[in-house]
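Visitor: Dropping a prediction and its sequence here:
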Amino acid sequence: MVNRIFFLITVIGIPLSVAGNLLHWPSVIMFGVFCLTIIALAGYMGRATESLAIVAGPRIGGLLNATFGNAVELIISIFALKEGLVEVVLASLTGSVLGNLLLVAGLSFFVGGLKFKRQEFNVFDARHNSGLLMFSIIVAFVIPEVFSQQMNDGEKLTLSIGISLILILLYLAALFFKLVTHRGVYQHKEESNDVHEEPEWSAKKALIILLLATAAVAYVSESLVHTFEAVGEQFGWSELFIGVIIVAIVGNAAEHASAIIMAYKNKMDIAVEIAVGSTLQIAMFVAPVLVLISLMFEVNMPLVFTLPELIAMVSAVLVTIAISNDGETNWFEGATLLAAYVIMGIGFYLL
């Protein structure tokens with residue numbers, strides 16, 4: 001049923017997006033069309049990566065899902081940087097961290113917990129990810145804010161470039177650690193099950209759909225960025241709220257759905273890898289890459305967040321670590337994460 005709805009939205013949404021651009025339809029209407037179209041396309045990207053991931057195991061499967069899920073947001077952010085909307089991009093990165101750790105993980109734990117009283121996942125991966133979360137958010141994001149108080153714009157950018165390069169190198173090292181040198185060392189029982197699952201699409205079909213959906217998302221995302229200013233004025237939304245809530249939810253729609261479905265199937269290793277792995281990818285790869293890409297545009301983006309953004313991200317990290325470090329979860333822990341997300345969402349709306 002959901003797949004049929006996504007098909008209809010895609011078939012109608014893409015022609016409407018093209019027509020709206022050519023005929024200059026009202027921005028507020030097109031904003032809704034663009035968002036729904038991107039969410040539907042993200043659904044196809046999620047199904048394609050899930051098909052590719054079935055034979056690859058939960059770690060690589062989660063990584064694939066997070067990577068192509070974040071590709072949507074990366075594309076939106078690049079076009080936003082091109083338009084000089086640095087605050088929207090930084091806010092969307094904040095929103096991705098909050099969305100993945102609190103909304104995606106929270107919904108996954110909650111929905112899975114309604115079906116299963118107690119769900120387990122790899123505790124060694126959870127503890128490994130906790131250390132990386134502490135480093136990438138609390139160290140790499142807070143340090144630039146603290147030091148930038150005594151710096152001019154050029155020095156802020158230089159510091160951000162240095163931190164970005166370190167983050168990218170450490171992220172690649174983390175992948176090498178999990179997928180090569182220590183692959184299978186901390187194996188969880190879910191990963192060792194020999195249950196054979198048939199992919200929805202063949203590898204070739206999944207790759208073709210993935211490439212076409214990504215190209216379509218790139219086109220629609222560029223159009224979406226041009227509606228931000230008009231929509232903000234119409235509804236009284238700040239750039240901060242648009243970035244933290246709207247762009248983050250639209251950009252991460254694919255992994256939101258995939259993580260919840262995996263949790264409902266009791267495949268918690270994949271669900272947690274999507275939620276937490278996607279956060280790490282945003283913090284340690286996407287954000288640094290955007291800093292480097294911004295050097296090609298007129299307005300550069302230092303890795304310096306506002307105080308509310310930093311406090312919200314640090315709080316999300318600490319709550320997630322406290323809940324997930326034991327390697328098991330239930331619906332109430334999911335509800336706790338969701339409550340934290342709603343509280344922060346209200347705060348950003350009122351700012």
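Guide: Perfect, thanks for sending it.
Visitor: residue contacts, the nearest residue to residue 31 once chain neighbours are set aside?
Guide: Ranked by C-beta to C-beta, 6 or more residues apart in numbering and with sequence neighbours excluded, the top spatial neighbour of residue 31 is residue 227, at 4.2 Å. (C-beta placed from N, C-alpha, C; glycine too.) Residue 227 makes contact with 27-28, 30-31, 34 under the criterion C-beta atoms under 8 Å, 6 or more residues apart in numbering.
Visitor: Going by neighbour count, which of those are buried?
Guide: When the contacts of residue 227 are checked for burial by 16 or more other C-beta atoms under 10 Å, the buried set is 27, 30-31, 34.
Visitor: Quick check: helices, which of these are part of them?
Guide: Among the buried ones among the contacts of residue 227, the ones falling in helices (DSSP state H) are 27, 30-31, 34.
Visitor: which SS class is residue 111?
Guide: For residue 111, the secondary-structure state derived from DSSP: H, G, I helix; E, B strand; the rest coil is helix.
Visitor: Wait, it touches residue 264, no?
Guide: Yes: A contact is recorded between residue 111 and residue 264 when judged using C-beta atoms under 8 Å, the distance being 5.5 Å.
Visitor: Let's see the helix or strand hosting residue 276 as CSV, backbone CA atoms only.
Guide: Secondary structure from DSSP states H and E places residue 276 in helix 268-281. Extracted as CSV, the C-alpha positions of helix 268-281 are listed here (Å, rounded to 0.1, in the frame of the first residue of the first chain):
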residue,chain,number,x,y,z
MET,A,268,17.8,-4.3,15.5
ASP,A,269,21.4,-4.4,14.5
ILE,A,270,20.4,-2.9,11.1
ALA,A,271,18.0,-0.4,12.7
VAL,A,272,20.6,0.8,15.1
GLU,A,273,23.3,0.9,12.4
ILE,A,274,21.0,3.1,10.2
ALA,A,275,20.1,5.5,13.0
VAL,A,276,23.5,5.8,14.8
GLY,A,277,25.6,5.0,11.7
SER,A,278,23.8,7.8,9.8
THR,A,279,24.5,10.3,12.6
LEU,A,280,28.2,9.4,12.5
GLN,A,281,28.3,9.7,8.8
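Visitor: for that helix, packing partners?
Guide: helix 57-82, helix 86-98, helix 105-115, helix 123-133, helix 153-176, helix 189-192, helix 253-264, helix 307-324 (3 or more C-beta pairs under 8 Å, 6 or more residues apart in numbering; DSSP states H and E).
Visitor: ok so, going back, farthest-separated two in the ones in helices among the buried ones among the contacts of residue 227?
Guide: Considering C-beta to C-beta, no two members of these lie farther apart than 27 and 34, which are separated by 9.7 Å.
Visitor: How is the nearest residue to residue 164 once chain neighbours are set aside classified with respect to secondary structure?
Guide: Nearest residue to residue 164 in three dimensions, chain neighbours excluded: residue 288, at 3.3 Å (C-beta to C-beta, 6+ apart). Secondary structure state of residue 288, per three-state DSSP, is helix.
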